[in-house]
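Participant: Below: sequence and its predicted model.
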Amino acid sequence: MGKPKLLVIEDDLGLQKQLRWSFDAYEVVLASDRESALAQVRRHQPAVVTMDLGLPPHPDSATEGLATLQEILEHAPDTKVIVLSGNQERSHALKAISLGAYDFHQKPFDADLLGLVISRAFNLHQMQQENRRMLQIEADSPLAGIVTRDVGMLRLCRDVERVAPSSATVMLSGDSGSGKELLARALHTMGGRGAHRFVAINCAAIPEELLESELFGHKKGAFTGAGQQTLGKLEMAHGGTFFLDEVGDMALALQAKLLRFLQERVIERLGGRSEIALDVRIVCATHQDLKALVREGRFREDLYYRLSEIVLRLPSLRERGGDSVLLAHHFRNRFCVSEGRPSMALSEAALQAIEQYPWPGNVRELEHCIRRAVIMADGPRIGLADLDLPGVIEQEAPVNLRQARDAAEYKVMVLALARADGNIAKAGELLGVSRPTVYDLMHYHGIRGG
Ligand SMILES: Nc1ncnc2c1ncn2[C@@H]1O[C@H](COP(=O)(O)OP(=O)(O)OP(=O)(O)O)[C@@H](O)[C@H]1O
């Protein structure tokens, strides 16, 4: 990726150069009047612009500058325009802000301070662009609540749309936290059962001896402790959808009862005698290889075929190209709102780590990680350390003497060249070194001549 583009609108050539020297972290493009400024905006679409209000043909008044500002914002309303103004022109600067300028800064400019304002403007612009993209992706979402750009996931969402109106029993297979319940809910609402209940049960989380009454309900006194009649979860889901999570963990005896329900669509409460007919759509999920369990004799083959009329496999998060970063933005937006924090950005290092981390706990792990980071981050930026990812260590500030010297030398070079207005001989005098040494140093630090 190239450097971000900064447009400098300034008719004083000396100042133009000075700004370019000072902000060479950006690709600085220049303009000296309204026409060239608009041409540069159209051509480069810079995120941030610094502008002098006194532009030709009326360098002594703010009219031309304010008109240029208005035209830039009409053409590219997201552009962050920073107005550079003299002390006596405060009212003009305020007028510029009322017309939509992002900020103003007094001349003569202080490179460090203006640098901060510019960098904040770039961050804000980037965040606004990301949010806009996010809203668009959410609006384009193939299924409500599902955020993805991955081809495999998009195909899967289309499959969900297709099977939702049918009465087929669907099995969702995929790693833990990959979104199986989310898809089961989509099947429920899109299958025309949304007015009724979606009831979920996790077979791995409920002790074997309780699971039967959880599923089928019981009559008063059906077993010790059964104080009153209780509806089973299947009955509660009448008219709606019943989601059986981790179905591979169900004990064999109960598997037989579930099979009977799937064949006859009636239940009998524990301790009861009458049969109750139910209209329930069954969706089940597993992270295990059920076929292998069938081979090992731990899962009934006939039940397996009943449950897997249609099998949909969810890719793990690391198989979905680009989705981890996309979801990180999505969760950051969501948690900034729910945790009452102002908008926050994810740092470049954090985004890189998110992209590279394998996410064994899938979307759920990412969701928890971003929630924690939103709560714990000190400033408006989520850094690598805030993510607290196992095995990812933050690069520390250089303690190496050579690196520290290089950094200091670079800073002084830029300053001298700016003061000397790009004149190499003059910069050499200021620095106390010869012209060829200035050239060498410029070459070494990758500083371009102006
Ligand atoms: N594509 C997605 N877009 C947005 N949120 C998602 C997506 N996939 C999953 N989530 C969110 O991630 C979390 C975990 O998803 P879910 O509970 O559906 O996973 P699961 O596969 O059913 O997990 P388990 O197997 O552990 O029960 C939920 O909060 C869900 O809303």
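Facilitator: Good, I have the coordinates. These figures come from a predicted structure and were not determined experimentally.
Participant: what about Thr50, which SS state?
Facilitator: The assignment at Thr50 comes out as strand when based on DSSP: H, G, I helix; E, B strand; the rest coil.
Participant: Can you verify my assumption that it contacts Leu15?
Facilitator: No: judged on CB atoms under 8 Å, Thr50 makes no contact with Leu15 at a distance of 10.0 Å. No exception for glycine: its C-beta is placed from N, CA and C like everyone else's.
Participant: where does this structure dip in pLDDT?
Facilitator: For the chain, the stretches flagged by pLDDT under 70 are 1, 87-88, 141-142, 222, 226, 392-400, 449-450.
Participant: what's the domain layout of it?
Facilitator: Domain assignment for the chain by automatic domain parsing gives 5-137, 151-315, 318-387, 401-445.
Participant: for the ligand, what are the nearby residues on the stretch 301-450 of the chain?
Facilitator: Within the stretch 301-450 of the chain, the positions near the ligand by CB under 6 Å from any ligand atom are Leu327, Val363, Arg364, Glu367.
Participant: Quick check: strands, which of these are part of them?
Facilitator: Residues of those located in strands (DSSP state E): none.
Participant: circling back to that earlier point, tell me which of Thr50 and Leu15 has more neighbours.
Facilitator: Ranked by neighbour count (other CB atoms under 10 Å), Thr50 and Leu15 place Thr50 first, with 26 against 18.
Participant: ok, and the closest non-adjacent residue to that one?
Facilitator: Ile82 (4.8 Å; CB to CB, 6 or more residues apart in numbering).
Participant: Can you name the residues bridging to that neighbour?
Facilitator: Under the criterion DSSP bridges, Ile82 forms beta bridges with Thr50, Asp103.
Participant: Determine which two of the residues of the stretch 301-450 of the chain next to the ligand are furthest apart.
Facilitator: With CB to CB as the measure, no two of these lie farther apart than Leu327 and Arg364, at 10.7 Å.
Participant: Those two - which one has more neighbours?
Facilitator: Using other CB under 10 Å, the more surrounded residue of Leu327 and Arg364 is Leu327, with 22 against 16.
Participant: OK, contacts around the more buried one?
Facilitator: Leu327 makes contacts with Val147, Leu317, Val363, Leu366, Glu367, as judged by CB atoms under 8 Å, 6 or more residues apart in numbering.
Participant: residues near the second one, how many?
Facilitator: Looking back up the chat, that one is Leu317. Residues lying near Leu317 (other CB under 10 Å) number 25.
Participant: Wait, it touches Val363, no?
Facilitator: Yes: Leu317 lies in contact with Val363 (CB under 8 Å); the separation is 5.7 Å.
Participant: quick one on the thing from earlier: please look at the residue nearest to Thr50 and Val49 and confirm they touch.
Facilitator: Yes: counting by CB under 8 Å, Val49 is a contact partner of Ile82 at 7.0 Å.
Participant: Mind checking which of those two has more residues around it?
Facilitator: Using other CB under 10 Å, the more surrounded residue of Ile82 and Val49 is Val49, with 29 against 21.
Participant: what helix or strand does Val29 sit in?
Facilitator: Here Val29 sits within strand 27-31, counting by DSSP states H and E.
Participant: hey, C-alpha coordinates of the helix or strand following that strand in CSV?
Facilitator: Using DSSP H and E, the helix or strand that follows strand 27-31 towards the C-terminus is helix 34-44. C-alpha atoms of helix 34-44 as CSV (Å, rounded to 0.1, in the frame of the first residue of the first chain):
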residue,chain,number,x,y,z
ARG,A,34,-8.7,27.0,-6.5
GLU,A,35,-8.5,25.4,-10.0
SER,A,36,-5.4,23.3,-9.4
ALA,A,37,-6.7,22.3,-5.9
LEU,A,38,-9.9,20.9,-7.4
ALA,A,39,-8.0,19.2,-10.1
GLN,A,40,-5.8,17.5,-7.5
VAL,A,41,-8.9,16.5,-5.4
ARG,A,42,-10.4,14.9,-8.4
ARG,A,43,-7.2,13.1,-9.4
HIS,A,44,-5.9,12.0,-6.1
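Participant: which other helices and strands contact helix 34-44?
Facilitator: The contact analysis (3 or more CB pairs under 8 Å, 6 or more residues apart in numbering; DSSP states H and E) places helix 34-44 against strand 5-9, strand 27-31, strand 48-52, helix 63-75.
Participant: can I get these in JSON lines with distance to Gly232?
Facilitator: Below are the helices and strands packed on helix 34-44 laid out as JSON lines (distance: least, CB to CB, whole Å):
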{"stretch": "strand 5-9", "distance to Gly232": "64"}
{"stretch": "strand 27-31", "distance to Gly232": "66"}
{"stretch": "strand 48-52", "distance to Gly232": "62"}
{"stretch": "helix 63-75", "distance to Gly232": "63"}
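Participant: Same list, those, but as JSON lines with distance to the ligand please.
Facilitator: Output for those, formatted as JSON lines (distance: least, CB to the nearest ligand atom, whole Å):
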{"stretch": "strand 5-9", "distance to the ligand": "33"}
{"stretch": "strand 27-31", "distance to the ligand": "35"}
{"stretch": "strand 48-52", "distance to the ligand": "32"}
{"stretch": "helix 63-75", "distance to the ligand": "35"}
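Participant: Which one, of those, ends up nearest to Cys336?
Facilitator: Minimum separation from Cys336 across the helices and strands packed on helix 34-44 (CB to CB) falls at strand 48-52, 23.1 Å.
Participant: So what touches the closest one?
Facilitator: Outside strand 48-52, the residues that touch it by CB under 8 Å, 6+ apart are 4, 6-12, 15, 19, 26, 37, 41, 65, 68-69, 72, 79-85, 102, 105, 107, 114, 118, 121-122, 125.
Participant: Show me the contact partners of the helix or strand that Leu154 is a member of.
Facilitator: Assessed by DSSP H and E, Leu154 sits inside helix 151-163. By CB under 8 Å, 6+ apart, the residues outside helix 151-163 that reach it are 142-143, 146, 148, 170, 183, 186-187, 190, 310, 312-315, 319-321, 323.
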